[in-house]
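# below are the sequence and a predicted model; questions follow.
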Amino acid sequence: GTLCDHQDDVKCVRFSPDNSLLASASTDATVRVWNMPHHNSDHVLPMPEHSILSHPRPVGALCWSTSGLYLATGCDDCTIRVWKTQENRKHVLQPRLLQGHGAPIWACDFSTESDDYIVSASADRTIRLWDWRSGQTLAYFAGHAGCVTSVRFSP
C-alpha cells in the first residue's frame, strides 16, 4: 500500500527496530509516525493510524534508538528533537530539544550500545556527539571541507 498525507517531499523514512512503527520526515515540517499493522500478504492493508510531530522548519533526518522507545529528528532550524514513544506505541510525547549546530541537521544516529547517545551531522560542516538526556555535547568534530550529509555509529 501507499502511505500518504505529507504535503511536500519526504526526505527520510525509517522503521522502528521491531518494525511496528514507520517514521517519515518531510520538507512540510512534519514527521509522521505510522503504526504498521500486522498483516498477511494475501490481504489489502488498511491505511494505518499515525501521529504527526510538528516542527518549525523542514525535517531532513530521523533515527530510532535501539530499544525503539525514542525517535530523534533533525530539523532545518539547526536542532535535534528526541521524542519518547508512549507504552502503547500509538503516540509520542513532547521532545527534548538539542541545540548547538549552526546549520540544518542532515543526519543522525543513536548509539548501538545505549539509548543515551546520539551523533548528528550538519550543513555547518561538523559532527556532534550528544548525551541527549542532559542536552550536552560530548564531542565536536570540525574540519570537514563541506557539509556533512551522513553519520552512523559502528555496530
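It's in.

# neighbouring strands for the lowest-mean-pLDDT helix or strand in the chain, and are they parallel or not?
Least confident element among the helices and strands of the chain, by mean pLDDT, DSSP states H and E: strand 50-54 (a mean of 75). Sheet pairing for strand 50-54, assigned by DSSP bridges, gives strand 30-35 (antiparallel).

# residue 137 against residue 122, yeah?
No: the pair residue 137 / residue 122 is not scored as a contact, 11.9 Å apart, by CB atoms under 8 Å. From N, CA and C alone the C-beta is placed, and that goes for glycine too.

# between the two, who's got more neighbours?
Using other CB atoms under 10 Å as the criterion, residue 137 and residue 122 rank with residue 122 on top: 26 against 16.

# distance of the closest residue to the more buried one other than its chain neighbours from residue 11?
Spatial nearest neighbour of residue 122, chain neighbours left out: residue 101 (4.1 Å); criterion: CB to CB, 6 or more residues apart in numbering. Applying CB to CB, to the nearest Å, the value for residue 101 to residue 11 is 17 Å.

# in which helix or strand would I find the nearest residue to residue 150 once chain neighbours are set aside?
Among residues not flanking residue 150 along the chain, residue 107 sits closest, at 5.0 Å (CB to CB, 6+ apart). For residue 107, the element it lies in under DSSP states H and E is strand 105-110.

# sheet partners, orientation included, of that strand?
Strand 105-110 has these strand partners (DSSP bridges): strand 117-122 (antiparallel).

# kindly export the helix or strand following the partner strand (C-alpha atoms) in CSV.
Heading C-terminal from strand 117-122, the first helix or strand you meet, by DSSP H and E, is strand 127-131. Taking C-alpha atoms only, strand 127-131 is exported to CSV below (Å, rounded to 0.1, in the frame of the first residue of the first chain):
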residue,chain,number,x,y,z
ILE,A,127,29.6,16.3,13.7
ARG,A,128,28.4,16.3,17.3
LEU,A,129,28.2,13.5,19.8
TRP,A,130,25.4,14.2,22.3
ASP,A,131,24.3,12.9,25.7
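
# who does strand 127-131 pair up with?
strand 117-122 (antiparallel), strand 136-141 (antiparallel).

# show me where the protein has helices.
Secondary structure of the chain (DSSP state H): no helices present.

# which ones are touching the residue nearest to residue 150?
61, 74, 120-121, 148-151 (CB atoms under 8 Å, 6 or more residues apart in numbering).

# if anything else comes up later, I'll come back, but that's it for now.
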